[in-house]
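In: Give me a 3D structure for the following:
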Amino acid sequence: MSEAPGAADAATADPTPTSTVVPPAMLGILGGGQLGRYFVMAARTMGYRTTVLEPDADAPAGKVADVHLVAAYDDPAALDQLAATCSVVTTEFENAPAAAMQRLAAHVPVHPSPTAIATCQDRLAEKQFLDGIGVAVAPYMAIITEQHLADAAGFTFPAILKTNRLGYDGKGQVRCTSHAELADAWQQLGGVACVLEQRMHLDRELSMVLARTADGRVACYPVSQNQHVHGILDVSYTPANLPGSGPEDAAELCTYIAESLGFVGVMAVEMFVVGRDVLVNELAPRPHNSGHYTLDACLTSQFEQQVRAVCGLALGTTKLVVPGVSMVNLMGDLWAEGEPHWRAALSQPNAHLHLYGKREPRPGRKMGHLTVTSGSPMGATSLARRIRKQLASG
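Out: Presented below is the predicted three-dimensional model:
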């Protein structure tokens, strides 16, 4: 097994950045979902205290934090309390209000920066950024006005129309087989600012999670191969079988993107393999669903790494401790016939069950995930799929 390129250097580099935040400092996070929950758990294990700003009183992260501010993300009083009590603030999602991030940044270090978040939370801005630094993306164009609809007559179809903001897990997007369908698709999305992307014939979907500190140290995790169903990640296995210098090339590309963005924290780069080309699809400026395997198969999880990166600490090693690992999402659909049969997972010694503490299971809602380690990524994937099926069937 080989360590992700760059990881060993980052893990052993001189950990003396310009400033560090050490326990028992209070760390703040915007967002209370499962990504925030794991961040809080990692931070508390390391001796930090935590404050979560999240309007949902039953949010998973709020249940394990020292302080849960139940308020809107842009609530002035809550933001001021976060700034006054925390040594650094981060986020678990990319749709935090820009004004809220800027208000915090005026008083407390915020990682990633409001500028980086603003770039990643707008699909058009993100593609223009990637295009501007010479990173290949799928052909695209802005659809903001009716004139843009007319101009799209020369665009290559089939294509996907996506809202610039707030869309995730397959939401906020409509497929168009021809230009004739574009106007209706735009109306389905409310006539809001959108980006039209050419639909590519994908060979594979990949992602890489990496961490970067304020003084430029970087650690990359092994590349994962992903499979989506209805726009939602279904299965992710690691390491992906990349030929030749593929892993090194991916690490170099992702590091270049993070450096160009001035990114601090943990981010994921989602990529498409189309023939001999690698196209960047999206940037996630926080830990990523495809990186959940790091909780059970790496010396340093992506969530501990997030703590380390935003606090300016030495980045942990990203080495896999098993030959192969696979993660399958557990969606609310599994609860259709009642509580899933957890014994199917808990009776397997190399299967690791993670439930997020969400009260209401709904179809399409991520309720947890299952990680399986094995002698190969394919072997782990086969077993993970089989166990997930047994959860529902009993």
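In: Quick check: bridge partners of residue 373?
Out: Judged by DSSP bridges, the bridge partners of residue 373 are residue 325.
In: I figured it was touching residue 294, is that so?
Out: No. With contact defined as C-beta atoms under 8 Å, residue 373 does not count as touching residue 294 (11.9 Å). C-beta: built from backbone N, CA, C; applies to glycine.
In: More neighbours: which of those two?
Out: residue 294 (30 against 22; other C-beta atoms under 10 Å).
In: I'd like to know which elements the helix or strand containing residue 369 is packed against.
Out: Taking DSSP states H and E as the definition, residue 369 sits inside strand 366-374. Packing partners of strand 366-374 (3 or more C-beta pairs under 8 Å, 6 or more residues apart in numbering; DSSP states H and E): helix 294-297, strand 324-331, strand 351-355, helix 377-393.
In: 6 Å instead, please
Out: strand 324-331, strand 351-355, helix 377-393 (3 or more C-beta pairs under 6 Å, 6 or more residues apart in numbering; DSSP states H and E).
In: looking at these, which is closest to residue 40?
Out: Closest to residue 40 of those is strand 351-355 (C-beta to C-beta; 14.5 Å).
In: what residue is smack in the middle of this protein?
Out: residue 288 (2.5 Å; C-alpha atoms, centre = their mean).
In: Now tabulate the helices and strands packed on strand 366-374 in a markdown table and tack on distance to residue 299, mean pLDDT and mean neighbour count.
Out: Listed next are those as a markdown table, based on distance: least, C-beta to C-beta, whole Å; pLDDT from 0 to 100; neighbours: other C-beta atoms under 10 Å:
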| stretch | distance to residue 299 | mean pLDDT | mean neighbour count |
| --- | --- | --- | --- |
| strand 324-331 | 13 | 98 | 25 |
| strand 351-355 | 15 | 98 | 18 |
| helix 377-393 | 18 | 95 | 18 |
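In: With distance to residue 147 as new columns, can those be given to me in CSV?
Out: As requested, the helices and strands packed on strand 366-374 are exported to CSV (distance: least, C-beta to C-beta, whole Å):
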stretch, distance to residue 147
strand 324-331, 40
strand 351-355, 48
helix 377-393, 47
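In: okay but residue 329 is in contact with residue 369, surely?
Out: Yes. Using C-beta atoms under 6 Å, residue 329 is in contact with residue 369, at 5.3 Å.
In: which residues are in contact with both of the two?
Out: With C-beta atoms under 6 Å, 6 or more residues apart in numbering applied, the contact sets of residue 329 and residue 369 do not overlap.
In: So for the one helix or strand residue 119 maps to, what gets flagged as buried?
Out: Using DSSP H and E, residue 119 sits within helix 114-120. Buried residues in helix 114-120, defined by neighbour count with 16 or more other C-beta atoms under 10 Å: 114, 116-120.
In: what's the answer for stretch 178-193, then?
Out: Counting neighbours by 16+ other C-beta under 10 Å, stretch 178-193 gives 179, 181-183, 185-186, 189, 193 as buried.
In: try stretch 134-148
Out: Buried residues in stretch 134-148, counting neighbours by 16+ other C-beta under 10 Å, are found at 135, 137-138, 140-144, 148.
In: Can you tell me which of these is closest to residue 171?
Out: Relative to residue 171, and with distances defined as C-beta to C-beta, the nearest of these is residue 143, at 17.2 Å.
In: Can you tell me the closest non-neighbouring residue to the closest one?
Out: Of all residues not flanking residue 143 in the chain, residue 194 sits nearest, at 4.3 Å (C-beta to C-beta, 6 or more residues apart in numbering).
In: Quick check: bridge partners of the one you found?
Out: Counting by DSSP bridges, the residues bridging with residue 194 are residue 143, residue 163.
In: residue ranges of the helices in the chain, please?
Out: 7-12, 34-45, 76-85, 98-105, 114-120, 123-132, 146-151, 182-188, 246-261, 294-297, 302-310, 343-346, 377-393 (DSSP state H).
In: ok, now how distant is the residue lying closest to residue 374 once chain neighbours are set aside from residue 187?
Out: Excluding the flanking residues, the one nearest residue 374 by C-beta to C-beta, 6+ apart is residue 380, at 3.8 Å. Relative to residue 187, residue 380 is positioned 44 Å away (C-beta to C-beta, to the nearest Å).
In: again with residue 253
Out: For residue 253, the distance to residue 187 - C-beta to C-beta - is 37 Å.
In: Test my guess that residue 90 contacts residue 308.
Out: No. The pair residue 90 / residue 308 is not scored as a contact, 11.6 Å apart, by C-beta under 6 Å.
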